[in-house]
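Student: Need the 3D shape of this:
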Amino acid sequence: MRIEWWILVMVYIAATAILFFIPKNKFRLAVLAVLFKQFITFLAGLAVVELNLPNNHLLNNYHISENSFGQTIVPMFKK
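Tutor: Just a heads-up that it's a prediction; the model follows:
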């Protein structure tokens, strides 16, 4: 398997394991919170797809190069 599949499998295992740490009297509240978050995510994803966002002409003003991640984020983790 590729590394992406292993990451997905580990995320699903971690998410399932977290369910066992929710107290029984708070389980209904936790389910409600997750469903509310998924609803917001669904609406945001629907808006992005239907409105064809982000538009490439909006991003052209920023002049982001492929190496900008390596120049800004990676040095933050070096000692």
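Student: C-alpha only now, for contacts and for neighbours.
Tutor: OK.
Student: Can you give me the buried ones in the helix or strand hosting F39?
Tutor: Using DSSP states H and E, F39 maps to helix 27-50. Across helix 27-50, burial judged by 16 or more other CA atoms under 10 Å covers no residue at all.
Student: Show me what it packs onto, helices and strands only.
Tutor: Counting contacts by 3 or more CA pairs under 8 Å, 6 or more residues apart in numbering; DSSP states H and E, helix 27-50 is packed against no other helix or strand.
Student: Average pLDDT for it, rounded please.
Tutor: On average, the pLDDT along helix 27-50 is 91.
Student: How many residues are close by I3?
Tutor: A count of nearby residues for I3, using other CA atoms under 10 Å, gives 8.
Student: Next, give phi and psi for it.
Tutor: Backbone torsions for I3, taken as degrees, to the nearest 10, come to phi -60, psi -30.
Student: Read off the pLDDT value for it.
Tutor: 88.
Student: what's the distance between it and Y12?
Tutor: The gap separating I3 from Y12 is 14 Å, by CA to CA, to the nearest Å.
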